[in-house]
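A.B. asks: Provided below for reference: sequence and predicted model.
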Amino acid sequence: KAGVTQTPRYLIKTRGQQVTLSCSPISGHRSVSWYQQTPGQGLQFLFEYFSETQRNKGNFPGRFSGRQFSNSRSEMNVSTLELGDSALYLCASSHSTPRDSPLHFGNGTRLTVT
Amino acid sequence: AQSVTQLGSHVSVSEGALVLLRCNYSSSVPPYLFWYVQYPNQGLQLLLKYTSAATLVKGINGFEAEFKKSETSFHLTKPSAHMSDAAEYFCAVSGNSGAGSYQLTFGKGTKLSVIP
């Protein structure tokens, strides 16, 4: 069974630009979550989608948005990039709840903002 | 709200020695607890999870963790360290975020070094 696939693996963008990251979950998984990982803040929850609906959102500005398609694939968008957005962005998928299905993570997209 | 504290951002052990990585949690509801491992330039891999069944949880690669409610702890152990265990380890907690949503709160991580 293929794991969680994130594309691209690396991105370099300039301040003020916008970026879209893509995530394909494990087949059959309907929940997709996004996390930001930085050396200073560690792993922080961005948002979670389940069956195309955002179920939960972390404490990030509105420049961070996401969506989920009917095939459970998800995209995350960051507009008006800032230097502080440089991070590893991790996507994770699961069947449903923590009790029944742990999160499976992709290898991440490393975003560098210059 | 939930939170996780991992004691020690960096732990060094000799090959063959006991590995002990500490995790304390705070949760207003019965928690689900997880340990993940991250190798360089990779995502997180699940080592083990506690979901209110047995308090002693066995995971992959010889790791295990014991849930102690009285101490609000979920420490990770391995009897004998191997060079391949060198990585960063994250403890995480999940509670009920509402509407069945799924949100993990992670600790800051502990980087494990194994000395030959």
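C.D. replies: In hand now; what should we look at?
A.B. asks: from here on, just use CA atoms for contacts and neighbour counts.
C.D. replies: Will do.
A.B. asks: who are the contact partners of A:V4?
C.D. replies: Listed by CA atoms under 8 Å, 6 or more residues apart in numbering or on different chains, the contact set of A:V4 reads A:C23, A:S24, A:P25, A:I26, A:C91, A:A92, A:S93, A:H104, A:F105, A:G106, A:N107.
A.B. asks: what's the farthest-apart pair in those?
C.D. replies: Spanning the widest gap among the contacts of A:V4 are A:I26 and A:N107, at 13.0 Å by CA to CA.
A.B. asks: residues contacting residue 81?
C.D. replies: In the absence of a named chain, this looks at chain A. Applying CA under 8 Å, 6+ apart, the residues near A:L81 are A:K13, A:T14, A:R15, A:G16, A:Q17, A:Q18, A:V19, A:V113.
A.B. asks: can you look at chain B instead?
C.D. replies: Taking CA under 8 Å, 6+ apart as the definition, contacts of B:A81 comprise B:V13, B:S14, B:E15, B:G16, B:A17, B:L18, B:V19, B:V114.
A.B. asks: how about A:Y49?
C.D. replies: Contacts of A:Y49 (CA under 8 Å, 6+ apart): A:R30, A:S31, A:V32, A:S33, A:R55, A:N56, A:R67, A:Q68.
A.B. asks: so which of those sit within strands?
C.D. replies: Residues of those located in strands (DSSP state E): A:S31, A:V32, A:S33, A:R55, A:N56, A:R67, A:Q68.
A.B. asks: hang on, B:P79 packs against B:A17?
C.D. replies: Yes: assessed by CA atoms under 8 Å, B:P79 is found in contact with B:A17 at 6.8 Å.
A.B. asks: are we agreed that B:S84 is in a helix?
C.D. replies: Yes: when classified by DSSP: H, G, I helix; E, B strand; the rest coil, B:S84 is found to be part of a helix.
A.B. asks: so what's the residue lying closest to B:W35 once chain neighbours are set aside up against?
C.D. replies: Leaving out its chain neighbours, the residue that sits closest to B:W35 by CA to CA, 6 or more residues apart in numbering or on different chains is B:C91, at 4.6 Å. Residues near B:C91 by CA under 8 Å, 6+ apart: B:V4, B:Q6, B:C23, B:L33, B:F34, B:W35, B:Y36, B:F106, B:G107, B:G109.
A.B. asks: is it correct that the first one falls within a helix?
C.D. replies: In other words, B:V4. No: counting by three-state DSSP, B:V4 is located in no helix; its state is strand.
A.B. asks: no further questions, thank you.
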